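In: Mind looking at a prediction? Sequence and model below.
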Amino acid sequence: MDFVSPVLDIASRICNCVGDRADLLRRLPQNVISLRAEKDKLNNVYKDVKERVEREENLEKKKRTHVVDGWIGRAEAMEKEVNELLDRCDEENQKKCFGTCCPRNCRSSYKLAKMVREKMDAAAELQSEGSNFQVVAVPLPSPHVIERPLEEKPVVGLDSPFREVWRLLQDKQVGSIGIYGMGGVGKTTLLKKINNKFLQSSIKAFDIVIWVVVSRPTNLERVQETIRSRLQIPDDGWKGRQEDDKAAEICRILKTKKFVLLLDDIWEPLDLLRVGIPPSGDGNQSKIVFTTRSADVCQGMAAQSIKVECLEEKEAFSLFQAKVGEDTLNSHPDIPKLAEMVAKECKGLPLALIIIARAMAFAETPEEWERNLQKLRLYPKDVAGTENDLFSILAFSYDSLPDEATKSCFLYCSLFPEDYLIPSERLIQLWIGEGFLDEYDDIQEARNQGGEIIERLMHACLMEAATTNFSIERRYLKMHDVIRDMALWLACEKGKKKNKFVVKDGIGLIRAQEVDKWKDAQRIALWNDTSIEELRKPPCFPNMETLIGCTKSTFPSGFFTNMFVIRVLDFSNNKILELPAKIGNLATLQYLNLSDTRIKYLPIELKNLKKLRCLMLDGLFSLASLPSQIVSSLSSLLLFSMKPISSQSSIDEIMLLEELEQLEHINDISIVLTSIQSIQRLFESHKLRRSTTFLQVAHCKGVNQVQLSPSIKTLKLVKCDELEEVKIIHFEKQVVPSKFPNPECCFNRLLSVHIHTCKKLLNLNCLIHAPKLQYLLIVDSEVMEKVIEDERSEGSEIESGLSVFSRLVYLTLSNLPKLESIYGHVLPFPSLRQVTVLGCPRLKRLPFDSSTSMSKNLEEIRGDQEWWDGLEWEDQTIMHILTPYFSSLTP
């Protein structure tokens, strides 16, 4: 019986095996249905995953993960395999025995049933895997630079600044570059051009170029977020972190890269460390380039600055033509010339050129061009696009000015005509008269603040320095025409009050009807060939605070009758012959400028102007006399200027000085004195000496010594034949030289000295105590041998020349036959721009050597060729350095 158990075991197993297979065969139809269902479920999951992947790839610029990509491939393969398997099942079902459900080939059917079961399980597993994907795509590896859109046509006028920026990008010593200029000049376009330059395959100097628009107000979080996105720092763990933690993470990644950070539209210095930007001196040779409208931002971020200027006329017209289009330009023979005239009105500002060109792109008749040209000249805001697309953009610079005083000073500049060279001194005086600088009691402090405001406006690219050939001493400013138009638009409350600021320049006769429209004007400025016809009745200006009447004609009678809040009257350079007595009724007047007029007499009613703070009477060569008690009655007067005067004038200088001395608040006097008694009266009064900032002593007989106080800014000595010496006096004590200039015991304010035909003047030793002297002119002195004859010990720094003439800009020496020396020691002359030497045959040496730093600013040395050729040089190097600057004045 021992063999029975194994046989039964085998039989049992055979039965089980046969039973399992029979069961699998029996379940085949149901499993086929289930497989179809699993296939449909898998297909739905596949579609969901595929849609997620395509959405993130197309919209979020991501790349599918390798796991997901593999799953999609397996799902697609599974669908194909299942479809083939289901087709076989259908075929097998057709091969069953006739009239039965039994398969003809049990072995083949069993294999098929087994495969169906396995595919069911595999499809279910794939379905489950696809349903549980948390991430289907990841960000693409960031390109090292992302292209910025630019105009298809070549960018005009930026080649020079582009080359300079690109040169600095390759300079290992430069880490930060600031591109600045006025609004609309092309700074962002230049930055885009720099960005796109890195797209060239040959330029692989940096790992990544990051572009960030900063704008205003500065949002540090937004800047960090833009950089995070560019560096592909994951979202998880970023949101909710503190600013310092975010900065640390950005810094950690950037330290591993050599990067270029391009920051567009910065309005204030940006603290890069707070953002997370590692210092440029870390040795990784990374670069930071930014654009701004303010030179102060470049300075505040310690950047190498590059200014983008407006286009030259030819470049400007080329840009204008490109934007208008050839079809319009060729639509009439007159249009190209008119287009050139319109383009000139934009004064090279690219934004203005583009906007005006767009407005003219469909103007195909000369009449349309002429109308728009007239609008640009008279009412630029009426040209399509100028308000919203031009002025509103430029106005951001105005909005960014730090305070209301600076904004008022800026808008005030729009009262000057187009292309007018504005004397900075006159502008500041007007600001003082208007009360913009009222927080300063001392007029010198107010002048200093006015100078700071001018610098602020220049750094904001709202004004610029102007060069001129007719005065080297006076500083001139100018305002770009488009900026001026924008300022007028703002001053007139964005065009809502058209006549709030009225500016007329050279327009001829103004009719009474036009004057009637000025009743709401706050400020009126009339220039050049502009006049007003006689009026039937006196006009009323209840709101007018300013009247600038620098015209070549007089005003109608009664014009000044109804000015109830007037502060400023400026009639300088007017042909006015007399001042109406009713001027004395202008009780609110604070500033009166009658300079360079033809006035012969001043009305006694001027004494009623108790609030007058500034009175300018310069260049009144027709003035016969100055009535007594006028000046002393002006109890609020701070500034008085009367220079020069006619030699025929009978003005009582002693009386004038005594009246000035009676004024409690006076602290700025500019005056010409012509007698020894007048000079002595000035020297005897501490108040007058302290207040005199401009002094001209002319045609003064018997004066052999002039003693001056430290308050003097400009000194002119003209035809004082017996003058031998100029000294500085503080109170009653003569100043002793010191190592460091003291504001109270030296000419610390002295900027300009003119000596003309003072034949016995020996020297100007006092100038050793004038550390800020900028202009020195000495003409016609028969005995002067040395400008500064300093024979004291060479041990002190002053005597060794470290501060003497360190601010000197212009030096003129003419007809000094005995002059042998300017100064006994070598001087650095770091500020010197121009030297003129004529008729000084004994001057064989100049106080320069090869270490002199003046060549950094030097523009020209002018003189006789014979004198230059005869100069003796201790160091031939300095001769070779200076020779290119020499210009011969020999005929």
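Out: Right, received. Where do you want to start?

In: And the helices in the stretch 751-891 of the chain?
Out: For the stretch 751-891 of the chain, applying DSSP state H, counting those that start in this stretch gives helices covering 865-869, 876-882.

In: By mean pLDDT, point me to the weakest helix or strand of the chain.
Out: strand 733-734 (a mean of 44; mean pLDDT, DSSP states H and E).

In: chain center to stretch 279-295, what's the gap?
Out: 18 Å (C-alpha atoms, centre = their mean, to the nearest Å).

In: That should have said stretch 47-67, apologies.
Out: With C-alpha atoms, centre = their mean, you get 47 Å for stretch 47-67.

In: Now that stretch: average pLDDT?
Out: Here stretch 47-67 scores 85 as its mean pLDDT.

In: For the remainder of this discussion, apply numbering that starts at 212.
Out: New numbering, starting at 212: the last item is stretch 258-278.

In: who touches that stretch?
Out: V279, W282, I283, A286, G341, F344, V346, V347, A348, V349, P350, L351 (C-beta atoms under 8 Å, 6 or more residues apart in numbering). For every residue, glycine as well, the C-beta is placed using N, CA and C.

In: In strands, which of the residues you listed fall?
Out: A348, V349, P350 (DSSP state E).

In: where are the low-confidence patches of the stretch 562-711 of the chain?
Out: Residues of the stretch 562-711 of the chain meeting the criterion pLDDT under 70: 680-682.

In: at 80 instead, please
Out: 589-590, 592-596, 599-600, 651-652, 678-684 (pLDDT under 80).

In: Now rank the ones in strands among the contacts of stretch 258-278 by neighbours and give me the top one.
Out: In terms of neighbour count, A348 stands highest of the ones in strands among the contacts of stretch 258-278 at 20 neighbours, by other C-beta atoms under 10 Å.

In: Pull the number of nearby residues for T1101.
Out: 10.

In: quick one, what contacts it?
Out: So T1101 contacts D1075, Q1076, E1077 (C-beta under 8 Å, 6+ apart).

In: if I pick the second one, what's in contact with it?
Out: With C-beta under 8 Å, 6+ apart as the criterion, the residues that contact Q1076 are S1099, T1101.

In: pLDDT wise, what is it at?
Out: At Q1076, pLDDT is 92.

In: okay, the helices of the stretch 962-1102 of the chain in CSV with distance to N430 next?
Out: Compiled in CSV, the helices of the stretch 962-1102 of the chain are given as follows (distance: least, C-beta to C-beta, whole Å):
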stretch, distance to N430
helix 1076-1080, 61
helix 1087-1093, 51
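
In: out of the ones you listed, nearest to K938?
Out: Nearest to K938 among the helices of the stretch 962-1102 of the chain is helix 1076-1080; the distance by C-beta to C-beta comes to 31.4 Å.

In: Can you list the buried residues in that closest one?
Out: Residues of helix 1076-1080 classed as buried by neighbour count (16 or more other C-beta atoms under 10 Å): W1078, W1079.

In: try stretch 817-832
Out: 817-820, 822-831.

In: got it, and stretch 971-988?
Out: For stretch 971-988, by 16+ other C-beta under 10 Å, it's 972-988.

In: ditto for stretch 1029-1042
Out: Here stretch 1029-1042 shows L1030, S1032, I1033, Y1034, G1035, V1037, L1038, P1039, F1040, S1042 as buried, counting by 16+ other C-beta under 10 Å.

In: Please flag which of the buried residues of stretch 817-832 sit within strands.
Out: Those of the buried residues of stretch 817-832 lying in strands (DSSP E): C825, L826, M827.

In: For the last one, list each beta-bridge partner.
Out: M827 has these beta-bridge partners by DSSP bridges: N804, S852.

In: That one and S806 touch, don't they?
Out: Yes - M827 is in contact with S806 according to C-beta atoms under 8 Å; the separation is 4.9 Å.

In: Mutual contacts of the two, please.
Out: Going by C-beta under 8 Å, 6+ apart, residues that sit against M827 and also against S806 are S783, S852.

In: okay, the buried residues of stretch 817-832 in CSV with pLDDT and distance to V396 next?
Out: Shown next, in CSV, are the buried residues of stretch 817-832 (pLDDT from 0 to 100; distance: C-beta to C-beta, whole Å):
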residue, pLDDT, distance to V396
L817, 94, 47
K818, 94, 51
N819, 95, 50
L820, 95, 45
K822, 95, 43
L823, 95, 42
R824, 94, 39
C825, 94, 36
L826, 96, 41
M827, 95, 36
L828, 94, 42
D829, 93, 38
G830, 90, 39
L831, 90, 43
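
In: From Q733, how far out is A657?
Out: According to C-beta to C-beta, to the nearest Å, A657 and Q733 sit 22 Å apart.

In: Looking at the two, which one has more neighbours?
Out: For A657 versus Q733, the count of surrounding residues by other C-beta under 10 Å is larger for A657: 23 against 17.

In: how about I694, secondary structure?
Out: helix (DSSP: H, G, I helix; E, B strand; the rest coil).

In: What about the closest residue to it other than its chain neighbours, how many residues nearby?
Out: Using C-beta to C-beta, 6 or more residues apart in numbering and skipping the chain neighbours, the partner closest in space to I694 is L673 (5.9 Å). Residues lying near L673 (other C-beta under 10 Å) number 26.

In: L673 contacts G392, correct?
Out: No - taking C-beta under 8 Å as the definition, L673 is not a contact partner of G392, at 11.3 Å.
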